[in-house]
Every structure is written in C-alpha cells, then in structure tokens.
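In: Have a look at this prediction, sequence included:
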Amino acid sequence: AQKITQTQPGMFVQEKEAVTLDCTYDTSDPSYGLFWYKQPSSGEMIFLIYQGSYDQQNATEGRYSLNFQKARKSANLVISASQLGDSAMYFCAMREGLWSNFGNEKLTFGTGTRLTIIP
Amino acid sequence: DTAVSQTPKYLVTQMGNDKSIKCEQNLGHDTMYWYKQDSKKFLKIMFSYNNKELIINETVPNRFSPKSPDKAHLNLHINSLELGDSAVYFCASSQLAGGFYEQYFGPGTRLTVT
C-alpha cells in the first residue's frame, strides 16, 4: 500500500488565488512527521513546511499552511495568494517513528503534484 | 555558502562504465542520504549513513556502493552502469535526533546512461 498518496498529478491555478494540494498518508505509527517540499524546474528540493503528529495546531509558514486532519490521515498544503514563482512540483513526504527508530530517519515521498500558476 | 553540494551536476556516460558522485555537507549534520528520482519524478531513498555507518540500504543493487570517509561526505559509486540507472540522484543531510528535523537536499546530479 502507498504510504503517501497525492491524487492530483497536475493543477492549474489563476495567479493570486489560493490553492490546496492534497496529501493522504498511511501509517500505524502514532508518532510521525509530515513534510512538504517544492521542486522548481531548476531541480532543487526546497523544504516548505512540517507538521508533527502530536502538534495541536496546524503548521503555517508565510503563505504556506498545512491543513492537518489526523482522523482522515490527510495533510493538505494550502498556498494563499499564489504567485507565478509558485509554479513547481510539490511533494508530500512522511517520516515514521518520529521519537524512536533513531538512525532510520528516511522520508517516504508521494508522487508529487505539478502546480502551474496562470497569469 | 552551499549547505549540501554535489559534484558533478550532470554526468553522461555509456553502459558498463563505473562512475562516482560526490556529496559534501557543511552543516555539521550527523546523517546523510542518497535518494533517486526517476523519470516520473518519484523520489525514493537509497541509503543513509550516520557518522560514517550505513543505516539504511533500501534493496539497492550491489552495483551501487556508498562510501562515507567522514560524516561530512557521502559518495556514491556505481559499477557497470545500466540504462535504468539514468535518473537524478540527490544527496541530503539532517541532524540525527528525534522529533522534527528537516532534510537539506543537494542540487542533484542528473545521470544519463547511453
């Protein structure tokens, strides 16, 4: 079974609109972290935002926020007031065993969503 | 100041050759990783090292051999290259600690096997 599912292979959004990128995850571990990375056409991986499974509040970082619904196992990324520079691939990722399993801190990635902002 | 650097950025080679990709981080992190991103953009962990010790080896063919001379460097050597090895290889690093951590990625090395 897929641990991270991103169901939107591509999205087109008008500039200045808000956009939600979907991510659902599957784990039986009570402690885990969810990450979003951006990969522009230049290829580098840029960390955007993080949510821990025990965090009480949804994470926010500037125009990025994470809509964390633990019971539904979803961690959607919301980008407010989209800009042309937001056009990129976006990856959701998970690390399980957040406070244990030292030495096994791998990230499991979803297949990504290609976001295109239309002027 | 580059946090995680990789060389080379591009690598074009023929089947059967042996090649290496180098990675260095100046963040003082304990853990380093290699990820492979295939043509469909799917990223998958290959290896992780903690303080020069191999921790994760995700069923990667033994033609791939990581080497960590010290905790700031993690190199990837590939023997007998095959067409299917064509991909972008990312090095990453993080602090070894429980809880939140961010993995810092290098710029990637695009390997093309012809």
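Out: Arrived safely, thanks for sending. The structure displayed is predicted, hence computed values, not measured ones.
In: What's the separation between the residue in chain B that chain A sits nearest to and B:Lys52?
Out: Proximity of chain B to chain A (CB to the nearest CB) peaks at B:Phe105, 3.8 Å away. (Each C-beta comes from the backbone N, C-alpha and C, glycine too.) Noted for B:Phe105: a distance of 20 Å to B:Lys52, by CB to CB, to the nearest Å.
In: Among these two, which residue is more densely surrounded?
Out: B:Phe105 (23 against 15; other CB atoms under 10 Å in any protein chain shown).
In: contacting residues around A:Tyr37?
Out: If you count contacts by CB atoms under 8 Å, 6 or more residues apart in numbering or on different chains, A:Tyr37 has them with A:45-48, A:90-91, A:93, A:109, B:105.
In: how far is the host helix or strand of it from where the chain is centred?
Out: Assigned by DSSP states H and E, A:Tyr37 belongs to strand A:32-39. Distance of strand A:32-39 from the chain centroid (CA atoms, centre = their mean, to the nearest Å) equals 5 Å.
In: Report the contact partners of the residue sitting nearest the centre point of chain B.
Out: Nearest to the mean C-alpha position of chain B, by CA atoms, centre = their mean, lies B:Trp34 at 3.0 Å. Residues near B:Trp34 by CB under 8 Å, 6+ apart: B:23, B:45-48, B:66, B:74, B:76, B:89-92.
In: any idea which of those is the one closest to A:Ile117?
Out: B:Phe90 (24.7 Å; CB to CB).
In: What is the neighbour count of the closest residue to the closest one other than its chain neighbours?
Out: Taking CB to CB, 6 or more residues apart in numbering or on different chains, and ignoring the residues beside it in sequence, B:Phe90 has B:Tyr35 as its nearest neighbour in space, at 4.5 Å. Residues contacting B:Tyr35 under the criterion other CB under 10 Å number 25.
In: helix/strand/coil for B:Tyr35?
Out: strand (DSSP: H, G, I helix; E, B strand; the rest coil).
In: can you pull the contacts of it?
Out: B:43-46, B:89-92, B:105.
In: among the residues you listed, who's most crowded?
Out: Neighbour-wise, the contacts of B:Tyr35 (other CB under 10 Å) top out at B:Cys91, 28 neighbours.
In: List the beta-bridge partners for it.
Out: B:Trp34 (DSSP bridges).
In: List the buried residues for the helix or strand bottoming out on mean pLDDT in chain B?
Out: Within chain B, judged by mean pLDDT, DSSP states H and E, the helix or strand with the poorest mean is strand B:53-57; its value is a mean of 82. For strand B:53-57, the neighbour count (16 or more other CB atoms under 10 Å in any protein chain shown) marks B:55-56 as buried.
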